[in-house]
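> My questions concern the predicted model and sequence given below.
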Amino acid sequence: MPTTTGMKGGGYYDANSKEQRSASDAFLPWLEEAIAALPEPASHQQSWNFLDIGSSEGANAIYTMNRLVEIVRRQSDLPVWALFDDLPTNDFNQMFLNLFPASTPALSATDVYTAAIGGSAFGRLVPPQSLHLATTFNAIGFYETRPAARLPHFILAMHPNPGAPREGVEVSTSELIPFQKQAHQDLCHFYAARAAELVPGGKLLVQVFGRNETQSTGHGLMDVLNDALLDFVEADMLPRSFYEAFVFPAYYRNIDELMAPIREEPELAAAYRIEHAESRDVPVPFNTAFASTGDRETWSHSYISFLRAFSEPVLTAALPQDLPQENTIEKIYQRMERLLIDHPERYEFHFISIAALLTRL
Ligand SMILES: C[S@@+](CC[C@H](N)C(=O)[O-])C[C@H]1O[C@@H](n2cnc3c(N)ncnc32)[C@H](O)[C@@H]1O
């Protein structure tokens, strides 16, 4: 069972994911360089085959794919397959609407063909040696399967943020080990699947939310979610047993963890050359707006909408059915928004975008 059913659909993710676009845009120059260095498709292929993995409803993925097609068109007129993958439960209807707004193709260059694929990033998605370029943005931080290990005193596999302390909230180093191992295994599966699918010389751009020495993309976001859930437990609006069993199914890696499978696993080391690997603290549109306006309400609302777009499906699936109050989910997000308005400094948010560009050997 995957760990999420996808993002909040019906256009909500598209409308509340400028932050993810900023995190992937930071690495577009690498893709420009990668496309210029791609080997010509073999004569039996007759097309460029590009795949984006974890595309959600598609607004960000289609925007990036358009850029990639523009770049490849500078060097070649060959047809392009633009493929978009996500979990089968994703809102693919919205993706197709985005691909053909007003019945005209969003990927407007000539000879571009689109298709969507339902399947997990951690398994095989296309036939062997068929892809020239694979990309993934803000997706592979979700575990392949729900972690079995528990964290009774926090909701994320990470040491709690020292900037947002709360009594009783703690995670020990040994509690983190099963999560770190699972995240490593997931990445091994991801890289192995792409190694099978890429042609020799093909490129893989892998980008995801992560952490650096001082900041984690989980800081702020997961603190406000954790605080709201604990407030509800303390007010008897949620059972403590729910809180103790709930782990948000994402892992915020650092750049060494992103590269570890390629450096440590002989089969993967033989499959790839690392061209670039970097983490960046990227601009966050709602923080930039807050810095210029000082408008806390707008900042809090945008922050919560961004958080809600990827956390609500996870939370909805995890909440017990028979809660004492109706509409608990709505109230949890209202509580989070209140917390942000009252304590913006406690929930400061940085987007640490980590990425690598690899060449299939
Ligand atoms: C935060 S969204 C990112 C969407 C888009 N790539 C972007 O950067 O805006 C994460 C996406 O990853 C998808 N996802 C999560 N686990 C996945 C898996 N195992 N295989 C494929 N997609 C997955 C989710 O369904 C969701 O659509």
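Received, thanks.
> CA atoms for contacts and neighbours, from now on please.
Noted.
> now the residue of the stretch 251-361 of the chain found nearest the ligand, nearest residue through space, not along the chain?
Nearest residue of the stretch 251-361 of the chain to the ligand: residue 310, at 5.9 Å (C-alpha to the nearest ligand atom). Excluding the flanking residues, the one nearest residue 310 by C-alpha to C-alpha, 6 or more residues apart in numbering is residue 7, at 4.9 Å.
> Could you count how many residues lie near residue 36?
When neighbours are counted by other C-alpha atoms under 10 Å, residue 36 registers 12.
> quick one: it from residue 274, how far?
17 Å (C-alpha to C-alpha, to the nearest Å).
> Over to residue 79?
From residue 79 across to residue 274, the span is 28 Å (C-alpha to C-alpha).
> Confirm residue 203 sits in a strand?
Yes. Read with DSSP: H, G, I helix; E, B strand; the rest coil, residue 203 is one of the residues of a strand.
> Relative to the ligand, how far out is it?
Taking C-alpha to the nearest ligand atom, to the nearest Å as the measure, residue 203 and the ligand are separated by 17 Å.
> and the stretch 251-361 of the chain, which of its residues are near the ligand?
residue 310 (C-alpha under 6 Å from any ligand atom).
> related to what we said a few turns ago, the residue of the stretch 251-361 of the chain closest to the ligand and residue 13 touch, don't they?
Yes. The pair residue 310 / residue 13 is scored as a contact, 7.4 Å apart, by C-alpha atoms under 8 Å.
> more crowded one of these two?
Between residue 310 and residue 13, counted using other C-alpha under 10 Å, the more crowded position is residue 13 (24 against 20).
> where along this structure do the helices fall?
For the chain, the helices defined by DSSP state H cover 12-15, 18-25, 28-36, 59-73, 92-99, 173-197, 221-234, 240-245, 255-264, 266-271, 285-293, 296-318, 328-342.
> Send me the last one as CSV with only the CA atoms.
What follows is helix 328-342 as a C-alpha-only set of coordinates in CSV (Å, rounded to 0.1, in the frame of the first residue of the first chain):
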residue,chain,number,x,y,z
THR,A,328,-12.5,17.4,12.8
ILE,A,329,-10.3,17.7,9.8
GLU,A,330,-11.5,21.2,9.0
LYS,A,331,-11.1,22.2,12.7
ILE,A,332,-7.5,20.8,12.7
TYR,A,333,-6.5,23.0,9.8
GLN,A,334,-8.3,26.0,11.4
ARG,A,335,-6.3,25.4,14.6
MET,A,336,-3.1,25.3,12.6
GLU,A,337,-3.9,28.6,10.9
ARG,A,338,-4.6,30.2,14.3
LEU,A,339,-1.3,28.9,15.6
LEU,A,340,0.6,30.4,12.6
ILE,A,341,-1.1,33.8,13.0
ASP,A,342,-0.3,33.8,16.8
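> What residues of that helix count as buried?
For helix 328-342, the neighbour count (16 or more other C-alpha atoms under 10 Å) marks 328, 332-333, 335-341 as buried.
> Render the CA-only coordinates of stretch 306-316 in CSV, please.
Output of stretch 306-316 as CSV, limited to C-alpha atoms (Å, rounded to 0.1, in the frame of the first residue of the first chain):
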residue,chain,number,x,y,z
PHE,A,306,0.3,24.7,0.8
LEU,A,307,0.5,22.3,3.8
ARG,A,308,-3.0,21.1,3.3
ALA,A,309,-2.5,20.3,-0.4
PHE,A,310,-0.2,17.4,0.5
SER,A,311,-1.1,16.5,4.1
GLU,A,312,-4.9,16.4,4.0
PRO,A,313,-5.3,13.1,2.1
VAL,A,314,-2.8,11.5,4.5
LEU,A,315,-4.5,12.8,7.6
THR,A,316,-8.0,12.0,6.3
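> Identify the residues contacting it?
3-8, 12-13, 16-17, 19, 221, 248, 329, 333 (C-alpha atoms under 8 Å, 6 or more residues apart in numbering).
> Please convert the buried members of these into PyMOL selection syntax.
Command for PyMOL that selects the buried part of the contacts of stretch 306-316, burial taken from 16+ other C-alpha under 10 Å:
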select buried, resi 3+4+5+6+7+8+12+13+16+17+19+221+248+333
